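Enquirer: no FASTA, just this:
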């Protein structure tokens, strides 16, 4: 479990964080060019419940900011302890952001990660445009890049692409499953990749679970990165 007392949080923040029993697993993301590991995505693992159950519980309490703070600091602590030196991908709510003090604290504890973090905007919470302005300022302060997670589900669609202006888009598993046998998915994925690349957005195919899916993506698409259980399980 993550020990949040390792960070000199404000006492109110620490009090909230200490109520959580969470750890993180990491799943590798592979470069399509040479199949080397380019990044690791941090995946929250709460004790005794699923991540979605924890998120829903805090959403009802109007305390999603606690999960945002726990994910940002907790994932980075776990990442460092594993000795990883690749890029770190952290899931993030578009509606939540660190305040100035929390942001400076992050920079003080993790200066070596400036420019090496990708914030993955999750698809299942609505955008708060006023909060996003503050969040974007924080992202820019740390030279952080943006990815749209699970593209084509929830809130993450072409409208979100226009608004967030991400550097990466992650194609949802629903587009990848059985793609080698589905001409409709093949056409849609190819069209999306062309659109993303025309905007300078790199594409991650996530949820690859079979050799056939990977082989098709390698041979017939211009996906930039691969992620999925077939290539590497979260550990």
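Expert: That came in fine, so what should we check first? This structure is a prediction, so every number in the text was calculated from the model and none was measured.

Enquirer: now the strands for this protein?
Expert: For the chain, the strands defined by DSSP state E cover 22-31, 37-46, 87-92, 117-121, 145-151, 168-171, 202-205, 225-226.

Enquirer: wait, which of these is closest to residue 64?
Expert: strand 87-92 (10.6 Å; C-beta to C-beta). C-betas here are computed from N, CA, C, even on glycine.

Enquirer: helices and strands of the chain: which one has the lowest mean pLDDT?
Expert: helix 129-141 (a mean of 72; mean pLDDT, DSSP states H and E).

Enquirer: can you state the direction angle for it and strand 87-92?
Expert: Interaxial angle, helix 129-141 versus strand 87-92 (axes from the mean of the first three to the mean of the last three C-alpha atoms, to 10 degrees): 170 degrees.

Enquirer: Buried ones in helix 129-141, by neighbour count?
Expert: Using 16 or more other C-beta atoms under 10 Å as the test for burial, helix 129-141 gives 132, 134, 135, 136, 138, 139.

Enquirer: Stretch 181-195 too?
Expert: Within stretch 181-195, the residues scored as buried using 16+ other C-beta under 10 Å are 185, 186, 189, 192, 193.

Enquirer: ok, now which ones touch the third one?
Expert: Applying C-beta atoms under 8 Å, 6 or more residues apart in numbering to residue 189 gives the contacts 171, 175, 176, 179, 205, 221.

Enquirer: now those residues as a markdown table including neighbour count, pLDDT and distance to residue 150?
Expert: Formatted as a markdown table, the contacts of residue 189 follow (neighbours: other C-beta atoms under 10 Å; pLDDT from 0 to 100; distance: C-beta to C-beta, whole Å):
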| residue | neighbour count | pLDDT | distance to residue 150 |
| --- | --- | --- | --- |
| 171 | 28 | 95 | 8 |
| 175 | 21 | 95 | 10 |
| 176 | 26 | 96 | 11 |
| 179 | 24 | 97 | 16 |
| 205 | 27 | 97 | 12 |
| 221 | 18 | 96 | 18 |
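
Enquirer: helices or strands up against the helix ranked longest in the chain?
Expert: Assignment by DSSP state H gives helix 64-81 as the longest helix of the chain. For helix 64-81, the packing partners by 3 or more C-beta pairs under 8 Å, 6 or more residues apart in numbering; DSSP states H and E come out as helix 11-17, strand 22-31, strand 37-46, helix 51-60, strand 87-92, helix 100-109.

Enquirer: Go again with 10 Å.
Expert: Helices and strands touching helix 64-81, by 3 or more C-beta pairs under 10 Å, 6 or more residues apart in numbering; DSSP states H and E, are helix 11-17, strand 22-31, strand 37-46, helix 51-60, strand 87-92, helix 100-109, strand 117-121, helix 129-141.
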